[in-house]
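Enquirer: kindly generate the corresponding structure for this input.
(2 chains)
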Amino acid sequence: MEQRLANTWHMTINEKKFIESALSKNIRVDGRSPVDYRQLTIKFGREDGSSEVQLGETHVIGLVSGQIVQPYRDRPNEGTLAIFTEFSPMADPAFEPGRPGEFAIELGRLIDRGLRESRAVDMESLCIVAGKSVWAIRVDLHILDNGGNLIDTANIAALAALLTYRKPECTLGGENGQDVVVHDPEVREPLPLIIHHMPVAVTFAFFNEGDAMVIDPTHKEEAIMGGRMTATLNSNGDVCAVQKAGGDGVSLSVITHCLRLAALKAVDITSKIKNAVDSYNTARALRKVKRHNALVAPDITVPDSVMKGNQIGQLAEHQAQKFKEESTKTFDTETVVGIPKETVLFNKKNINFIRKDSDSFIGGPSNWDPYSQSIPPTFVRSSQIFPGSSTVDHKKEARTMLIESNSEETKSNNASSGLSRTSSMSQQRTTPKSLKDAVKPKSERKNRPSPASAAN
Amino acid sequence: MDGQLSAPTQATSLFDQTVIPGDIIVDLPSVANLRVGSGLRQDCFELLAMKVGTLRYKKPNKYWLESSHKRYDPSVEDTILGIVVGRNSENFLVDIKSSSLALLPVVAFEGGTKKNIPKLEIGSLLYVRVVKANHGTNPELSCTDASGKAAQFGPLKEGYMFDSSTGLARMLLSTPTCPVLQAFDLQRFKIVIGLNGRIWVNASTPSMVVLISNAIMASEFLSASQQANMVKELTDQLQTRCSVR
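Expert: Coordinates of the predicted model:
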């Protein structure tokens, strides 16, 4: 008993009286106005469907996963959505491990109602084979730190995770055409869920028998509040859910006032979530493009014997041509030439020098272009000084050319879909070279190492 | 044991340096009559660090560790702020942000006898002094100074209390006056700082109390000039808000 007393959080009478008297004058202890939210930060994990939301000191993680199950009998063509909450004891000394307490269940139910009854997540699109296979979407919310207002934070975490989750694409296949074939994310791009609107929860705390009201209460404010109300609205102003579980009674005018405030806050929070999700999606798309280059990366680490001076020169000259053609006019070749030539002597000694810098100036193949001549010293130096966007274009081009030339060797569909995208890109940019140039004549092909063996 | 003979040179190099638990501080036989302060422990012939902190040394023989934590380790003669959480026939049970509850004898007040026990409710905030602090037993407190006088100990009325780290509490109590408190010298307020990281503030208006508490909480990692600037900005903001109303 004594140990339990020692480990709980205690509030003094002084704090209670002070917070109440300050609120009667509309002053909050952290300096906010009664209708201000704390700072909201939304971050995402590496996998699709994982979000991390911080509202002031409150910290919640949301994870979305999907499984194929049999649908319910009364709804054979709809998927299912389930919310699970985990109140970690590290979040608050009052949280005990094991069975969820009353508040944990209330939080789960509230978020579930907001998403399900407002039909925010489209259930029919989760159906694969009516009556047999549907997607069961599971949202896990982990409470990491309780700084007050878990409901709003957990709701935002659930929304952010659902918006960034991608379910694997399924088709019907197999021998009888009835089996569900789940495609690997590497093979076919997974699909996002269809979310019609975003129900945002806004929590209000009442004090002094309904006289004072604040939005987004902190942990201390929650400890002394008389009552709590949560209103879930979307940015259109539609009310998705309202929850007021006991506590002090409030008049109807207060409730309508709260709903109006909640509508304003919902618009604000919706835009913040959308911005975060958009930047995550762009980062994800960029990552997808770069992933193709991973196929080519082993090529860089070729041993000395394979790399010959003139072949490096050929490659570099090719790059130099591109560089000069497409480089911006902001720098003169004269300034480049002005670099003392002693520093850039091209002889056999510098082969290693170039190879070390291969990460910086090119991620492409070492010796495939038969059409270029030896490397100009100016290019080597300039590529180090001006690693601008123009070099990025060259890298992509070199890689696309290599991918195209190796298209027969790679079997993955992923690469091919990537090819069609990148080849269209390269076709737009390439002026002097065409696709034919990328493919070497058969007689010369045997001598080149394939990407698989080059890695050895 | 042979390795320890080289420790004296090791010790001098560690002064004013950050040490981590387990670091050997000094070779004992070479220094006589050692005074070991908080955060250090004697282990056979070695002096070990028990916490992460900066090692301090005062001539001729005082060693201690300066560290900052959220939890408090009681040590004798510290003045701290405790919250009453319970009572039995002999003691008040007081929470002092330590691993175990502390005991405050019901007679440990000025002129205290079994007949005039003060009425302290659960949730009262007290300014107390640590009398006994041994590992394994509950610490003991007192609301009097060594001679038995009240000397500002006892329950605190009104005002607002907030938590901070032990390092910040020490910084606020240091001399010369900490810059963040110095910046408020034109205002009137009362402040009680507990070495266990609890701070109580009272002023004439609630907005002043909120201002001071937030300024102190934000000042932990700021330099002196940054603290002064922050306080100035906050007071200006408050002025504009008051004038708008």
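
Enquirer: C-alpha only now, for contacts and for neighbours.
Expert: Will do.

Enquirer: for whichever residue of chain B sits closest to chain A, give me its contacts.
Expert: Going by Cα to the nearest Cα, chain A is nearest to B:Gly123 of chain B, at 4.4 Å. Listed by Cα atoms under 8 Å, 6 or more residues apart in numbering or on different chains, the contact set of B:Gly123 reads A:10-13, B:83-85.

Enquirer: state the helix or strand in which the residue in the stretch 101-250 of chain A that chain B sits nearest to lies.
Expert: With Cα to the nearest Cα as the measure, A:Lys220 is the residue of the stretch 101-250 of chain A nearest to chain B, at 10.3 Å. Counting by DSSP states H and E, the element that carries A:Lys220 is helix A:219-224.

Enquirer: quick one: find the helix or strand in chain A with the lowest mean pLDDT.
Expert: Ranked by mean pLDDT, DSSP states H and E, the weakest helix or strand in chain A is helix A:333-337, scoring a mean of 42.

Enquirer: related to what we said a few turns ago, confidence score at the residue of chain B closest to chain A?
Expert: Here, the pLDDT recorded for B:Gly123 equals 94.

Enquirer: for it, which non-adjacent residue is closest in space?
Expert: Distances taken as Cα to Cα, 6 or more residues apart in numbering or on different chains put A:Thr12 closest to B:Gly123, at 4.4 Å, once the chain neighbours are dropped.

Enquirer: okay but the one you found is in contact with B:Leu125, surely?
Expert: Yes: A:Thr12 lies in contact with B:Leu125 (Cα atoms under 8 Å); the separation is 6.2 Å.

Enquirer: what touches both of these two?
Expert: The contact lists of A:Thr12 and B:Leu125 share B:Ile83, where a contact means Cα under 8 Å, 6+ apart.

Enquirer: just the residues contacting stretch B:164-180, thanks.
Expert: With Cα under 8 Å, 6+ apart, stretch B:164-180 has contacts from B:66-72, B:181, B:193-199, B:215-217, B:219-220, B:224-225, B:227-228, B:231.

Enquirer: so how far is B:Ser213 from B:Gln237?
Expert: B:Gln237 sits 15 Å away from B:Ser213, going by Cα to Cα, to the nearest Å.

Enquirer: then A:Arg228?
Expert: A:Arg228 is 26 Å from B:Ser213, by Cα to Cα.

Enquirer: same question, A:Thr80
Expert: 49 Å.

Enquirer: contacting residues around A:Leu126?
Expert: A:78-80, A:134-136.

Enquirer: not counting its neighbours along the chain, what's nearest A:Glu96?
Expert: A:Pro89 is the one closest to A:Glu96 (Cα to Cα, 6+ apart), at 5.6 Å.

Enquirer: the one you found - how many residues pack around it?
Expert: Look at A:Pro89: counted by other Cα atoms under 10 Å in any protein chain shown, it has 16 neighbours.

Enquirer: C-terminal to the helix or strand of chain B with the lowest mean pLDDT, what's the next element?
Expert: Between all helices and strands in chain B, the lowest mean by mean pLDDT, DSSP H and E belongs to helix B:7-14, at a mean of 52. Of the helices and strands lying after helix B:7-14 in sequence (DSSP H and E), the nearest is strand B:18-19.

Enquirer: run through who's touching that following strand.
Expert: Against strand B:18-19 from outside (Cα under 8 Å, 6+ apart): B:49, B:51-55.

Enquirer: let me know the closest of the residues you listed to A:Ile195.
Expert: Proximity of the contacts of strand B:18-19 to A:Ile195 (Cα to Cα) peaks at B:Val52, which lies at 49.6 Å.

Enquirer: distance of the closest one relative to B:Pro179?
Expert: Counting by Cα to Cα, the gap from B:Val52 to B:Pro179 is 25 Å.

Enquirer: on that earlier part again, out of B:Gln237 and B:Ser213, which sits in the busier spot?
Expert: Legend: neighbour count by other Cα under 10 Å for B:Gln237 and B:Ser213, higher for B:Ser213 (23 against 13).

Enquirer: is it fair to say that one lies in a strand?
Expert: No: under DSSP: H, G, I helix; E, B strand; the rest coil, B:Ser213 sits outside any strand and is assigned helix.

Enquirer: so it makes contact with B:Phe162?
Expert: Yes: contact criterion Cα under 8 Å: B:Ser213 and B:Phe162 qualify, at 7.5 Å.

Enquirer: find residues that contact each of those two.
Expert: With Cα under 8 Å, 6+ apart, B:Ser213 and B:Phe162 have no common neighbours.

Enquirer: which ones are touching A:Asn77?
Expert: So A:Asn77 contacts A:71, A:124, A:127, A:129-131, A:134 (Cα under 8 Å, 6+ apart).

Enquirer: quick one: which of those residues is most hemmed in?
Expert: A:Val134 (26 neighbours).

Enquirer: per-domain residue ranges of chain B.
Expert: B:9-66, B:79-156, B:160-237 (automatic domain parsing).

Enquirer: in which helix or strand would I find A:Leu63?
Expert: Under the assignment here (DSSP H and E), A:Leu63 is part of strand A:58-69.

Enquirer: contact partners of that strand?
Expert: A:49-54, A:132-150, A:153-154, A:157-158, A:160-162, A:165, A:167.

Enquirer: backbone dihedrals for the spatially most central residue of chain B, please?
Expert: For chain B, the residue nearest the mean C-alpha position is B:Leu195 (1.1 Å; Cα atoms, centre = their mean). Here is the backbone geometry of B:Leu195 (degrees, to the nearest 10): phi -70, psi -10.

Enquirer: what residues does chain B have near chain A?
Expert: Contact residues, chain B versus chain A (Cα under 8 Å from any Cα of the partner chain): B:83, B:85, B:95, B:98-101, B:123-125, B:157-161, B:206-207, B:210-211, B:214.

Enquirer: am I right that A:Gly114 is in a strand?
Expert: No: counting by three-state DSSP, A:Gly114 falls outside a strand, being helix.

Enquirer: gap between it and A:Met213?
Expert: 23 Å.

Enquirer: pLDDT weak spots in chain A?
Expert: A:177, A:290-433, A:439-456 (pLDDT under 70).

Enquirer: for the closest residue to chain B within it, which residues are in contact?
Expert: Closest approach between chain A and chain B, counting by Cα to the nearest Cα: A:Thr12, at 4.4 Å. Going by Cα under 8 Å, 6+ apart, A:Thr12 touches B:83, B:123-125, B:161.

Enquirer: what of B:Ser219?
Expert: B:Ser219 touches B:180, B:227, counting by Cα under 8 Å, 6+ apart.

Enquirer: so how far is A:Arg32 from it?
Expert: 18 Å.

Enquirer: in the helix with the most length in chain B, what counts as buried?
Expert: Scanning chain B for the longest helix, with DSSP state H as the assignment, gives helix B:224-244. Neighbour-count burial for helix B:224-244 flags B:227-228, B:230-232, B:235, B:238 (criterion: 16 or more other Cα atoms under 10 Å in any protein chain shown).

Enquirer: out of the residues you listed, which is nearest to A:Ala6?
Expert: B:Gln227 (34.5 Å).

Enquirer: contacts only, for that closest one.
Expert: So B:Gln227 contacts B:179-180, B:219 (Cα under 8 Å, 6+ apart).

Enquirer: name the SS class of B:Val130, please.
Expert: strand.

Enquirer: leaving out sequence neighbours, find the closest residue to it.
Expert: According to Cα to Cα, 6+ apart, the nearest residue to B:Val130 is B:Leu141 (4.5 Å).

Enquirer: now the one you found: which helix or strand?
Expert: strand B:140-142.

Enquirer: and that strand, what does it pack onto?
Expert: Here strand B:140-142 touches strand B:102-105, strand B:125-132, going by 3 or more Cα pairs under 8 Å, 6 or more residues apart in numbering or on different chains; DSSP states H and E.
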